[in-house]
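Novice: I'd like to go over a predicted model; first the sequence, then the structure.
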Amino acid sequence: FGKCPFCRDPVPKKAEDFMTNIMKRAEVNDPIALYQMGVHRRDEGDYSGAFQYLTKAADLGDAQAHYDLSCSYHNGLGVKKDKKKEVYHL
């Protein structure tokens, strides 16, 4: 415990280092890292950036990313409201 399951390095203690590790994982299409980046972007108010990361994570099979995309389509966050796509990702 205490090691990154992706790279096996110790989990960083600083938030900046943590985000750097997530970016490295996202660059190699780790769906969990892509989802985490999407959530991070959304929390910063960058809904279009969040949508891009979440879409890629969902394409790779991340169920939570599908749910968040459904919510994005329902609320029109970063995308135009779309009931069909909302249901598709749900």
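Specialist: Received, thanks.
Novice: contacting residues for the residue most central in space within the chain?
Specialist: The centroid of the chain falls nearest to Tyr35 when counting by CA atoms, centre = their mean (1.9 Å). Residues near Tyr35 by CB atoms under 8 Å, 6 or more residues apart in numbering: 53-54, 57, 62, 64-65, 68. To be clear about C-beta, it is placed using only N, CA and C from the backbone, and glycine gets the same treatment.
Novice: Please give the element, helix or strand, for it.
Specialist: Element membership for Tyr35 (DSSP states H and E) is helix 31-43.
Novice: Toward the C-terminus, what is the element adjacent to that helix?
Specialist: Next element after helix 31-43 (DSSP H and E): helix 47-59.
Novice: Show me what that following helix is packed against.
Specialist: helix 31-43, helix 63-75 (3 or more CB pairs under 8 Å, 6 or more residues apart in numbering; DSSP states H and E).
Novice: avg pLDDT for that helix?
Specialist: Averaged over helix 47-59, pLDDT sits at 95.
Novice: So which bits of it are buried?
Specialist: Using 16 or more other CB atoms under 10 Å as the test for burial, helix 47-59 gives 47, 49-58.
Novice: I'd like those residues as a markdown table, with distance to Glu86 appended.
Specialist: Supplementary listing: the buried residues of helix 47-59 in a markdown table, determined by distance: CB to CB, whole Å:
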| residue | distance to Glu86 |
| --- | --- |
| Tyr47 | 15 |
| Gly49 | 20 |
| Ala50 | 16 |
| Phe51 | 13 |
| Gln52 | 18 |
| Tyr53 | 18 |
| Leu54 | 13 |
| Thr55 | 14 |
| Lys56 | 19 |
| Ala57 | 17 |
| Ala58 | 13 |
